[in-house]
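A.B. asks: Need a 3D model of the following:
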Amino acid sequence: MSKTSQSIADLRKSYERAELSEDASDADPLRQFERWLQEAIASEVPEPNAMTLATVGSDLRPSTRIVLIKGYDAQGIVWYTNYDSRKGQELAGNPFAALQFHWVELERVVRIEGVVERVSAEESDAYFHSRPLDSRIGAWASPQSEVIPGRSVLVANAARYGAQFLLKPPRPPHWGGYRLRPEQWQFWQGRKSRLHDRLRYRLDDDGAWLRERLAP
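C.D. replies: Got it, this is the predicted structure:
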C-alpha cells in the first residue's frame with residue numbers, strides 16, 4: 001500500500017456537533033428539511049443549495065451530478081436543466097431518482113427518493129426569465145452532455161445567440177424544470193463513535209408519513 005493510500009485510510013473525524021432525536025425532529029419531513037436548509041443557509045456553509053442528483057439509464061448504470069435546488073413545497077423539490085442532457089434522457093426513460101444534500105460543516109446529510117416529472121411550461125418560463133442574461137444565453141449555447149471539439153464552440157455559440165436574441169432570449173424548448181415528488185426522506189446527523197442518528201420518513205398505506213430510526 002502506498003503512503004498516499006495509507007494517509008487516506010487513516011483519515012478520521014469525530015462528529016459531535018449535534019443530535020437528531022424523534023422528539024426534536026418534525027413529524028413532517030418537508031418541515032424538517034426546511035429547518036435544516038435554513039440553518040445551512042444561516043450558517044453560511046458553501047453552496048447550501050447544492051444537491052447530488054442520481055439517475056439510472058437504460059443500461060442500468062447509475063450516474064450522479066451536482067444540481068441546484070431552485071424551489072420546494074408540498075409537491076416536491078425543483079431544479080432546472082437541459083432536457084437533452086444525459087440526466088434528462090435518463091429521466092425520460094426511468095423517472096425514479098434520488099437527491100442528496102451534504103452540509104459538511106453541520107455534519108448533516110439529507111437523502112430524498114421519488115418520482116420525477118417536468119414542471120409546467122409556465123413555471124419554467126418564469127424561472128428562466130428571472131436568470132441573469134448570460135445564464136439565459138448559456139442555456140442556448142451549451143449542447144449539454146454532447147461531445148464538442150473545444151471550448152471555442154461554446155464561446156462561438158454564446159456570441160451567435162447573444163447577437164440573435166440581444167437582451168430578450170426566449171426559453172429554449174430543450175431547457176426547463178424538473179420536480180422530484182418525495183416517496184422517502186432520510187435525515188442523517190453525525191454522532192460520536194460512528195453511532196450516527198438516522199431518521200427515515202416513508203409513506204404508509206394511508207399516505208401519511210411514517211418516521212423510523214435506522215441503524216447507522
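A.B. asks: Over to residue 8. Which of the three states is it?
C.D. replies: helix (DSSP: H, G, I helix; E, B strand; the rest coil).
A.B. asks: That one: neighbouring residues, count only.
C.D. replies: 10 (other CB atoms under 10 Å). Any C-beta I mention is one placed from the backbone N, CA and C, and that applies to glycine too.
A.B. asks: Next: residue 9.
C.D. replies: The burial count for residue 9: 9, using other CB under 10 Å.
A.B. asks: Repeat that for residue 184.
C.D. replies: When neighbours are counted by other CB under 10 Å, residue 184 comes out with 15.
A.B. asks: repeat for the one 5 residues further on
C.D. replies: Applying the criterion other CB under 10 Å, we find 21 residues in the vicinity of residue 189.
A.B. asks: Look up how far residue 36 lies from it.
C.D. replies: Separation of residue 189 from residue 36 (CB to CB, to the nearest Å): 9 Å.
A.B. asks: just the helices in the protein please.
C.D. replies: Listed in chain order, the helices of the chain (DSSP state H) span residues 3-9, 29-42, 86-93, 121-128, 133-141, 151-165.
A.B. asks: in the protein, what spans have low per-residue confidence?
C.D. replies: Regions of the chain meeting the criterion pLDDT under 70 cover residues 1-6.
A.B. asks: Reformat the helices of the chain into JSON lines and put distance to residue 113 next to each item.
C.D. replies: Below are those laid out as JSON lines (distance: least, CB to CB, whole Å):
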{"stretch": "helix 3-9", "distance to residue 113": "29"}
{"stretch": "helix 29-42", "distance to residue 113": "12"}
{"stretch": "helix 86-93", "distance to residue 113": "14"}
{"stretch": "helix 121-128", "distance to residue 113": "22"}
{"stretch": "helix 133-141", "distance to residue 113": "28"}
{"stretch": "helix 151-165", "distance to residue 113": "34"}
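A.B. asks: Can you tell me the centre-most residue of the chain?
C.D. replies: residue 51 (3.2 Å; CA atoms, centre = their mean).
A.B. asks: isn't it right up against residue 70?
C.D. replies: No. With contact defined as CB atoms under 8 Å, residue 51 does not reach residue 70; the gap is 10.6 Å.
A.B. asks: Show me whatever sits in contact with both of those two.
C.D. replies: Counting by CB atoms under 8 Å, 6 or more residues apart in numbering, the contacts common to residue 51 and residue 70 are residue 79.
A.B. asks: any idea how this protein splits into domains?
C.D. replies: Here the domain parsing of the chain from automatic domain parsing is 18-121+174-213, 130-170.
A.B. asks: Distance of residue 80 relative to residue 40?
C.D. replies: 20 Å.
A.B. asks: Please disregard the earlier target; I meant residue 172.
C.D. replies: Distance from residue 172 to residue 40, by CB to CB: 31 Å.
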